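Undergrad: sequence-free structure coming up:
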């Protein structure tokens, strides 16, 4: 067995022998070497007797531009080809980024990859070719690497210096074992006739076939889970209700960034925090969004609802927090940090928050009370004519309707035991902050 290294072989259209600094040697070559030779070419195997390395002597004058240098590793795998002269395209892959990795029901994994293919050569790359992906356990590009299904088809020419961006979903075999791998994306990775081998024949004749790949580490999870997160959180116009609570309209999106479907029925809730940190002591707001259908990896949904605070909530600065899967109504799991319905990869990224200020509530006062001439009523009692002003000195409108009433006290202290006088004034329109109205009636 020969030592590990690289064997370089020329397929040449020349009939004359090359001037060699060393004598040609005869080696047992794999069958793929002969099959890779262009029609009408003969194979020139050139080697140096150096331990662990096979090298190619310098080219002789007069060699044609059609000569191609093929390189094989110690196992006989074709690992690249270069064309020493003449205009030629040269495809390279850059900016490889890994997106969602999804565990499919059949046991396979789908891997979303985005990347850029550039023609770094000086000739047009003519279509059609296919950008493919391979899964490696040792980060080395080898024919033994499994070929992933899915490919990006390039059916247009690519001029020198031009590029294109691609997003492709590559899928592993159903028998792929979870673990850490290297994903290799190769521009021009083979065509539809089965030339899919990582180092196999390509559609585009390039100056350098060594630089067609880009690599990125991927982890195929053994225990895949969903992963809900909140994005696009926006707050509408606040309103102060008549009972003193606040209504807060909100919109947001929930996305599953995990590896499997999020299933079950869950509830997206809102919380009001005084310190911008989600804690179990935070106010749990009424109303919630119910999700009762599965959410696939990479998918999202929009929610729009109005959250309502307790009536005792004071005005001031708060942080409004929305949490996807905030607890189950049926089981009372309302605690901000309590149990969730969906088992997730990361339970810490389910929230999004915005700072907000709850405005000062309405505050009604009575002023300028004047009592007219009191007269006895037939059958008992008294008629008490009064006029007074009602003022809203608060920071929000007073929401109609309400009644202005009179009471009679023996100690000048307003208590529940004080008798309520007959007759009242009904206010049926809102009273803006800073506004007043006058009342004249007889109790």
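TA: Received it, and whenever you're ready, just let me know what you need. These numbers were taken from a predicted model, which means no experiment stands behind them.

Undergrad: Give the ranges of residues in the chain that sit below the confidence cut-off.
TA: For the chain, the stretches with pLDDT under 70 are 1-85, 191-197, 200-201, 328-334, 339.

Undergrad: What segments of it are helices?
TA: In the chain, the helices defined using DSSP state H lie at 31-36.

Undergrad: In space, not sequence, find me the middle residue of it.
TA: residue 257 (5.8 Å; Cα atoms, centre = their mean).

Undergrad: which residues touch that residue?
TA: The contact partners of residue 257, taken as Cβ atoms under 8 Å, 6 or more residues apart in numbering, are 100, 227, 228, 229, 297, 298. All C-beta atoms are positioned from the backbone trio N, CA, C, and that covers glycine.

Undergrad: out of those residues, which are buried?
TA: 100, 227, 228, 229, 297 (16 or more other Cβ atoms under 10 Å).

Undergrad: Looks like the third one contacts residue 326 (just checking).
TA: No. The pair residue 228 and residue 326 fails to qualify as a contact (Cβ atoms under 8 Å) at a distance of 10.3 Å.

Undergrad: Find the residues that touch each one of those two.
TA: Contact with both residue 228 and residue 326 is made by residues 266, 350, according to Cβ under 8 Å, 6+ apart.

Undergrad: Among the contacts of residue 257, which lie within strands?
TA: 100, 228, 229 (DSSP state E).

Undergrad: May I see these arranged in a markdown table, with distance to residue 215 as well?
TA: Output for those, formatted as a markdown table (distance: Cβ to Cβ, whole Å):
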| residue | distance to residue 215 |
| --- | --- |
| 100 | 19 |
| 228 | 31 |
| 229 | 28 |
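
Undergrad: residue ranges of the strands in the stretch 151-300 of the chain, please?
TA: 152-154, 163-171, 179-186, 213-220, 228-235, 239-240, 246-256, 266-273, 283-284, 289-291, 300-308 (DSSP state E, counting those that start in this stretch).

Undergrad: and residue 381, which of these is closest to it?
TA: Closest of the strands of the stretch 151-300 of the chain to residue 381 is strand 239-240, at 38.9 Å (criterion: Cβ to Cβ).

Undergrad: Tell me the strands beside the closest one, with direction?
TA: strand 246-256 (antiparallel) (DSSP bridges).

Undergrad: Give the buried residues for the partner strand.
TA: 246, 247, 248, 250, 252, 253, 254, 255, 256.

Undergrad: how close does the last one sit to residue 233?
TA: With the distance defined as Cβ to Cβ, to the nearest Å, residue 256 ends up 17 Å from residue 233.

Undergrad: same deal with the fifth one?
TA: Residue 252 is 4 Å from residue 233, where distance means Cβ to Cβ.

Undergrad: Tell me the spacing between residue 122 and residue 91.
TA: Remark: distance between residue 122 and residue 91 (Cβ to Cβ) = 13 Å.

Undergrad: which of the two has more neighbours?
TA: Set residue 122 next to residue 91 and count neighbours by other Cβ atoms under 10 Å: residue 91 wins out with 27 against 13.

Undergrad: for that one, which residues make a bridge with it?
TA: Beta-bridge partners recorded for residue 91 (DSSP bridges): residue 119.

Undergrad: List the contacts of it.
TA: Residue 91 makes contacts with 117-121, 125, 129, 158, 187-188, 204, 206, 212, as judged by Cβ under 8 Å, 6+ apart.

Undergrad: and the two most separated of these?
TA: Top of the distance list for the contacts of residue 91 (Cβ to Cβ): 120 and 129, 15.2 Å.

Undergrad: When these two are compared, which one has more neighbours?
TA: Comparing residue 120 with residue 129 by other Cβ under 10 Å, the one with more neighbours is residue 129, at 23 against 16.

Undergrad: so what's the nearest residue to residue 117 once chain neighbours are set aside up against?
TA: Nearest non-adjacent residue to residue 117, counting by Cβ to Cβ, 6 or more residues apart in numbering: residue 187, 4.6 Å away. The contact partners of residue 187, taken as Cβ under 8 Å, 6+ apart, are 91, 92, 93, 117, 129, 131, 212, 213.

Undergrad: Buried ones among those residues?
TA: For the contacts of residue 187, a burial check counting by 16+ other Cβ under 10 Å picks out 91, 92, 93, 117, 129, 131, 212, 213.

Undergrad: Can you lay out those residues as TSV showing distance to residue 371?
TA: Output for the buried ones among the contacts of residue 187, formatted as TSV (distance: Cβ to Cβ, whole Å):
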residue	distance to residue 371
91	97
92	94
93	91
117	91
129	97
131	91
212	98
213	95
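
Undergrad: thought residue 243 was touching residue 313?
TA: No. Counting by Cβ under 8 Å, residue 243 sits too far from residue 313 to count as a contact (10.9 Å).

Undergrad: Of these two, which one has the most company?
TA: Using other Cβ under 10 Å, the more surrounded residue of residue 243 and residue 313 is residue 313, with 17 against 9.

Undergrad: Could you report the separation of that one from residue 279?
TA: Using Cβ to Cβ, we find residue 313 at a distance of 16 Å from residue 279.
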